[in-house]
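Undergrad: Fold the following, please.
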Amino acid sequence: MSDGLGMIIESLVAILLMFTIGYCILLNRRLKLLRADEGALRVTIAELITATEIAERAIAGLKIAARDCEIGLGERLTRAERVTADLDRKLVACKDAVGHMSQVAPPSRSIEEANPVVQDPQAIAAAAQAFAERLRNKVLGLAA
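TA: From the prediction side, this is the model:
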């Protein structure tokens, strides 16, 4: 019986060894595939690092461009505000001048009668020159 029991145990050990050898072969194949994938993964990681560096440089360039645009737009906005304020002052001054002129010499006729529609450019230029001359005489007359 001990020979039969020994034989069963040895057969069982042999079967377990065969399963172990088979599992080792399977693990070896998987390790080879993993090592092959490791090389491809290293290449992919290197490409990813390169792409990340390029993206970081592009982002830095965009930040610089955005800052330059912000500075330029800020300067333009400041200039525009100054021009707007200047135009507002001039508009108020013009309204005051028109009010003063209307008090000094109120119009004797309607605007349509005083300013007929003229289609001839030479006539328009002549009328503008005459108006400028009258205004000059009026201003010089007031200043004296």
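
Undergrad: Give me the neighbour count for Leu26.
TA: Residues lying near Leu26 (other C-beta atoms under 10 Å) number 10. C-beta: built from backbone N, CA, C; applies to glycine.

Undergrad: Just list the residues touching it, thanks.
TA: Listed by C-beta atoms under 8 Å, 6 or more residues apart in numbering, Leu26 has no contact partners.

Undergrad: Check which helix or strand it maps to.
TA: Under the criterion of DSSP states H and E, Leu26 resides in helix 2-104.

Undergrad: ok, Ala125 - how many residues close by?
TA: So Ala125, with other C-beta under 10 Å, has 10 neighbours.

Undergrad: Show the pLDDT at the spatially most central residue of the chain.
TA: Per C-alpha atoms, centre = their mean, the C-alpha nearest to the average position across the chain is that of Ala66, at 6.8 Å. On the pLDDT scale, Ala66 is placed at 91.

Undergrad: distance of Leu140 from Cys94?
TA: 20 Å (C-beta to C-beta, to the nearest Å).

Undergrad: pLDDT weak spots in this structure?
TA: Scanning the chain for pLDDT under 70 picks out 1, 105-119, 141-144.

Undergrad: how far is the helix holding Leu26 from where the chain is centred?
TA: Its chain's C-alpha centre and that of helix 2-104 lie 19 Å apart, by C-alpha atoms, centre = their mean, to the nearest Å.

Undergrad: Okay, Thr50 and Leu77: tell me how far apart.
TA: 40 Å.

Undergrad: ditto for Pro121
TA: Pro121 is 39 Å from Leu77, where distance means C-beta to C-beta.

Undergrad: How about Ile21?
TA: In this structure, Ile21 and Leu77 are 80 Å apart, going by C-beta to C-beta.

Undergrad: so what's Ile15 up against?
TA: By C-beta under 8 Å, 6+ apart, the contact set of Ile15 is empty.

Undergrad: Can we start the residue count at 59 from this point?
TA: Let's use 59 as the start, then, which means that last one is Ile73.

Undergrad: Relative to Glu139, how far out is it?
TA: In terms of C-beta to C-beta, Ile73 sits 93 Å off from Glu139.
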